[in-house]
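Trainee: missing the sequence, but the structure's below:
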Ligand SMILES: NC(=O)c1ccc[n+]([C@@H]2O[C@H](COP(=O)([O-])OP(=O)(O)OC[C@H]3O[C@@H](n4cnc5c(N)ncnc54)[C@H](OP(=O)(O)O)[C@@H]3O)[C@@H](O)[C@H]2O)c1
């Protein structure tokens, strides 16, 4: 029986990973901060698929959280065969306006915890001569993205790390793959204030992203880019000079930030209205 640890399993792409691996009969370890959501998903999946599901509540934006997560698995004698490093959040806006503590949380969550979980779980996989590491990157990994500067840089780190590790592990029985989704309809938009219905780029669904990612890992592809439109964007980056792609990124991000500002303006107008009524 394969055992899969999924970080950020409480919603969106992570939840879709949980559902697809459950339907393949894998035992699951679900990690995120939202205990109630994880418990509800665990109850549903263990009942419908007759699998074992373990819930581990963990905020992975703290530097020592990966060690805590792995030690919780070890104390319950759970060996992880597949690690899905998925937990993440998005920030859109000028770098100079982003609070330092949020930037730190992002770098720790997207990069430090991902590296630590990989480092801690890899020895077991290598010893058993089988395993998989699936890292959720983004199409923003392929170039600098203005107004997404740190987000895109953390995703570039994930892609670079995955490509290198996959090559190091060739012949070991452990596959490594990075999945690079484009815009995908999940709760990630809630925290940014960007309305997915108002932006210029097409927005896909989590399920095809996850299907492509799992196949990519099984085939030991270095990375996969789900969706034709996203592939065209990536290939554009290979044909056009990098500087042109970064400039084009400004146009798209300007649309995102305008939508964010409109959304914030609506929210604060709503707040003012409700205060007026009091
Ligand atoms: N949606 C897109 O357009 C898109 C595109 C490219 C890449 N991605 C990547 O896909 C991944 C999943 O995002 P999503 O779109 O599915 O967003 P989502 O629906 O907001 O899910 C994010 C998941 O990450 C978890 N998470 C966030 N902060 C965490 C923390 N500090 N510690 C532990 N878990 C944390 C959340 O759970 P809790 O809140 O319960 O902790 C949630 O389960 C992210 O890495 C994101 O960068 C998304």
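Mentor: Yes, it's here. Note that the structure is predicted; figures quoted are calculated from it, not measured. Residues are numbered from 1 along each chain as shown.

Trainee: What mean pLDDT does stretch 168-187 get?
Mentor: Summarised as a single mean, pLDDT over stretch 168-187 is 97.

Trainee: Number the chain from 889, please
Mentor: I'll keep to 889 as the first residue from here, and by that count the last item is stretch 1056-1075.

Trainee: tell me the contacts of residue 897?
Mentor: 903, 905, 906, 916, 918, 919, 920, 926, 929, 974 (Cβ atoms under 8 Å, 6 or more residues apart in numbering). (Each C-beta comes from the backbone N, C-alpha and C, glycine too.)

Trainee: okay, those in JSON lines with pLDDT, distance to residue 954 and secondary structure next?
Mentor: Formatted as JSON lines, the contacts of residue 897 follow (pLDDT from 0 to 100; distance: Cβ to Cβ, whole Å; DSSP: H, G, I helix; E, B strand; the rest coil):
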{"residue": "903", "pLDDT": "98", "distance to residue 954": "21", "secondary structure": "helix"}
{"residue": "905", "pLDDT": "98", "distance to residue 954": "18", "secondary structure": "helix"}
{"residue": "906", "pLDDT": "98", "distance to residue 954": "19", "secondary structure": "helix"}
{"residue": "916", "pLDDT": "98", "distance to residue 954": "18", "secondary structure": "strand"}
{"residue": "918", "pLDDT": "98", "distance to residue 954": "16", "secondary structure": "strand"}
{"residue": "919", "pLDDT": "98", "distance to residue 954": "10", "secondary structure": "strand"}
{"residue": "920", "pLDDT": "98", "distance to residue 954": "14", "secondary structure": "strand"}
{"residue": "926", "pLDDT": "98", "distance to residue 954": "18", "secondary structure": "helix"}
{"residue": "929", "pLDDT": "98", "distance to residue 954": "22", "secondary structure": "helix"}
{"residue": "974", "pLDDT": "98", "distance to residue 954": "14", "secondary structure": "coil"}
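
Trainee: could you pick out which of those are near the ligand?
Mentor: For the ligand, the contacts drawn from those by Cβ under 6 Å from any ligand atom are 920, 974.

Trainee: Which of the contacts of residue 897 sits closest to the ligand?
Mentor: residue 920 (3.5 Å; Cβ to the nearest ligand atom).

Trainee: Next, the contact list for the spatially most central residue of the chain, please.
Mentor: For the chain, the residue sitting closest to the mean C-alpha position, by Cα atoms, centre = their mean, is residue 974 at 3.5 Å. Going by Cβ under 8 Å, 6+ apart, residue 974 touches 894, 895, 896, 897, 901, 902, 905, 1022, 1024.

Trainee: got the residue ranges for the helices in the chain?
Mentor: 900-911, 923-937, 953-963, 988-995, 1001-1016, 1037-1056, 1076-1080, 1094-1106, 1116-1127, 1130-1165 (DSSP state H).

Trainee: Highest mean neighbour count out of those?
Mentor: helix 900-911 (a mean of 22; mean count of other Cβ atoms under 10 Å).

Trainee: what angle do it and helix 923-937 make?
Mentor: Per axes from the mean of the first three to the mean of the last three Cα atoms, to 10 degrees, the angle that helix 900-911 makes with helix 923-937 is 30 degrees.

Trainee: Return the angle between stretch directions for helix 900-911 and helix 1094-1106.
Mentor: 60 degrees.

Trainee: Not counting helix 900-911 itself, show me its contacts.
Mentor: With Cβ under 8 Å, 6+ apart, helix 900-911 has contacts from 890, 892, 894-897, 916, 918, 920, 929, 933, 936-937, 939, 941, 970, 972, 974-975, 1024, 1069, 1072, 1074-1076, 1094-1095, 1097-1099, 1101-1102.

Trainee: For residue 1126, report the pLDDT, please.
Mentor: pLDDT, residue 1126: 73.

Trainee: Over to residue 1139?
Mentor: 68.

Trainee: Around the ligand, pick out the residues from the stretch 1039-1166 of the chain.
Mentor: So the stretch 1039-1166 of the chain meets the ligand at 1069, 1071, 1072, 1074, 1075, 1076 (Cβ under 6 Å from any ligand atom).
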